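Q: sharing a model prediction with you, sequence too.
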Amino acid sequence: MILHVDMDAFYASVEQHDRPELAGLPLIVGGTSGRGVVAAASYEVRKFGVRSAMPIRRALALCPQAVCVRPRMARYAEVSAQIFSIFHEYTPLVQGLSLDEAFLDVTASRVLKGDAVDIACDIKTKIRARTGLGASVGVAPNKLVAKIASDLDKPDGLTVVTADRIHAVLDPLPVKRIPGLGRKKGEAVVAAGFTTIGALRLGTERGLRPVFGDDWQSWQRRAAGIDDRPVIPEHDDKSMSAEHTFADDLADFGRLTAEVARLGDKVAARLRAKGLDAGCVTLKIRRHDFRTFTRQTKLVPATRESRVLVECAQGLLTTWLRTNPRAKLRLLGVGASDLIETVQADLFSATSSVANQKLDATVDAIKRKFGADALARANVIGAERATTTTTLVQPPPRGNARRK
C-alpha cells in the first residue's frame, strides 16, 4: 500500500505555529507589496478565494484584511526535516516531492508497524506532536490514487481508497483532480465534455484522441486509477534558489549587489542546513520589460560557503551589467545546483575556506537562536526591502502551484 502525505498549508501553518498571534488570521506567506506572489495561503484566507501563485495585488483585493509575512525557507526546511525523519521511522521507501509532500511505500512495513491505515494514523499523530502541524494522508494501492485521496478531506484528513473502491471514489470527481492534467489542458478536456474522471474513464478513442492525441490511452488509464510507478527514494535536492521581485524597478548597482548578497546568503544557509555543497551557481535576471536572462558558473571545488557563492553571483551580475548598462531590473534570483552531499572538511583546506566555514557556522547558530533577521550584511542593511518570492526546487520541480 502507498501513502501520500501532504502537509496542510505548510508555510502558513508553520508561521501560525511559531507566532501564535497569527493563529486564526487570514495569512499570506509571500511578498509584502503588490508585485509579489502568494507562496502559501492559510485556510482562513482561502475562504476569500486566495490561492498559491496568485499575485499579491489580486490576493489583497480579495481579502484586504489579510496579513502578509515573508517566507522563511530555512525554517520550513528545518520543520520538513523533522517530518521526513518520521516517515523514515516506518519505511526507507520515501519519495519526497517537496518540503511538505511525499509518497511512502509501506507494503513491507505492515508486519512490524501495523496495516497501512494504522501507519497513516501514527504518522499524523507524530507530526502533530513533534511539530504542532496537521497533515492529510491518502492511502491507496498506488501513487496516483493516494495523491488524489490525500486532497479529498483537507485539512487534517485521512482518506482510504481500497482497490475495490477506486472507481466508486474517483468517478464522481471533477476531471481536473487528475494530477498532472494542468489548467489549460484541464479546460480543454472539460470543453470536450469530459467533466468528471468517470466520463474520461468511459470515453471512446473517437472522443479522447482529439483532446489527448496519441496519449489518449495513457490518460484513460489514469482516469481508471491505474498506476504502476514505484516509490523511488530520492534524498538529494537537485537545486535550490531564492528570488526577489522588487517593489520598484531597480537600477542602482549598490542596491543590486546588496540584494544578490542577501539571496546568496539564504541559499548558502539552506545548503548547510541540508548538508549539501553546490557545484554551480546561477544568477537569474528579469528586466522591467519582463525579458529574463540566466548566467551561471561552475564552483570548483563544490562549496556551501556564503562568501564564495555570493562573490560568484555578484561577479555574474557585474559581467551582465557591463553589456546592459543602466538596465532597470524587476527581479533577481540566485540558484545553486549540481548538489552533492557535504564531505568532511579537508585537513589541508585553504585558510580562507576554514575561516569562511567558521564564520558561516557562527552566523547560522546566531540566526537559529535569535531568528533569520538577527544578522545582515552591512551593505544589505541600508537596502530598501523588496517583495520576496522564495522557492526551493526538488524533483519533480517544487515550484508547481498546487492546491493544499
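A: Ah, there it is.

Q: tell me which residues are up against stretch 188-196.
A: Identification of contacts with stretch 188-196 by Cβ atoms under 8 Å, 6 or more residues apart in numbering yields 171-176, 181, 199-200, 203, 207-208, 210-211. Heads up, the C-betas are built off the backbone N, CA and C, glycines and all.

Q: so how far is that stretch off the chain centroid?
A: For stretch 188-196, the separation from the chain centroid amounts to 29 Å (computed by Cα atoms, centre = their mean, to the nearest Å).

Q: over to stretch 81-89?
A: Centroid separation for stretch 81-89 versus its chain: 17 Å, with Cα atoms, centre = their mean.

Q: give the buried residues for that stretch.
A: Buried residues in stretch 81-89, counted by 16 or more other Cβ atoms under 10 Å: I83, I86, F87.

Q: how about stretch 51-63?
A: Residues R51, S52, M54, I56, A59, L60, C63 are the ones in stretch 51-63 that count as buried (16+ other Cβ under 10 Å).

Q: same check, this time on stretch 9-22
A: Neighbour counts over stretch 9-22 (16+ other Cβ under 10 Å) mark A9, F10, Y11, A12, S13, V14, E15, Q16, L22 as buried.

Q: in those residues, find the pair that's most separated.
A: Spanning the widest gap among the buried residues of stretch 9-22 are F10 and L22, at 14.4 Å by Cβ to Cβ.

Q: can you pull the contacts of K124?
A: K124 sits in contact with G134, A135, V137, D156, L158, where contact means Cβ under 8 Å, 6+ apart.

Q: what subset of the residues you listed is buried?
A: Members of the contacts of K124 classed as buried by 16+ other Cβ under 10 Å are G134, A135, V137, L158.

Q: what separation do you get for the last one and D122?
A: Noted for L158: a distance of 11 Å to D122, by Cβ to Cβ, to the nearest Å.

Q: so what's A163 closest to, chain neighbours aside?
A: P141 (4.9 Å; Cβ to Cβ, 6 or more residues apart in numbering).

Q: for this structure, what are the low-confidence residue spans?
A: 32-35, 234-237, 343-404 (pLDDT under 70).

Q: same for the longest helix along it, what does it pack against?
A: Ranked by residue count, the top helix of the chain under DSSP state H comes out as helix 253-274. The contact analysis (3 or more Cβ pairs under 8 Å, 6 or more residues apart in numbering; DSSP states H and E) places helix 253-274 against helix 73-87, strand 239-250, strand 276-287, helix 306-323, strand 329-341, helix 351-370, helix 378-381.

Q: what is the orientation angle of it with helix 73-87?
A: 20 degrees (axes from the mean of the first three to the mean of the last three Cα atoms, to 10 degrees).

Q: ok now helix 253-274, how far from the chain's centre?
A: The answer for helix 253-274 is 18 Å, by Cα atoms, centre = their mean.

Q: same deal with stretch 213-228?
A: Counting by Cα atoms, centre = their mean, stretch 213-228 is centred 27 Å from the centre of its parent chain.

Q: hey, C-alpha coordinates of it in CSV?
A: C-alpha atoms of stretch 213-228 as CSV (Å, rounded to 0.1, in the frame of the first residue of the first chain):
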residue,chain,number,x,y,z
GLY,A,213,-3.6,12.8,-29.3
ASP,A,214,-1.6,9.6,-29.1
ASP,A,215,-1.6,9.8,-25.3
TRP,A,216,-5.3,9.2,-25.0
GLN,A,217,-5.0,5.7,-23.6
SER,A,218,-2.5,6.8,-21.0
TRP,A,219,-4.9,9.4,-19.7
GLN,A,220,-7.8,7.0,-19.8
ARG,A,221,-5.7,4.6,-17.6
ARG,A,222,-5.1,7.4,-15.2
ALA,A,223,-8.8,8.1,-15.0
ALA,A,224,-9.3,4.4,-14.2
GLY,A,225,-6.8,4.8,-11.3
ILE,A,226,-4.2,2.6,-12.9
ASP,A,227,-0.6,3.4,-12.0
ASP,A,228,2.3,1.1,-11.7
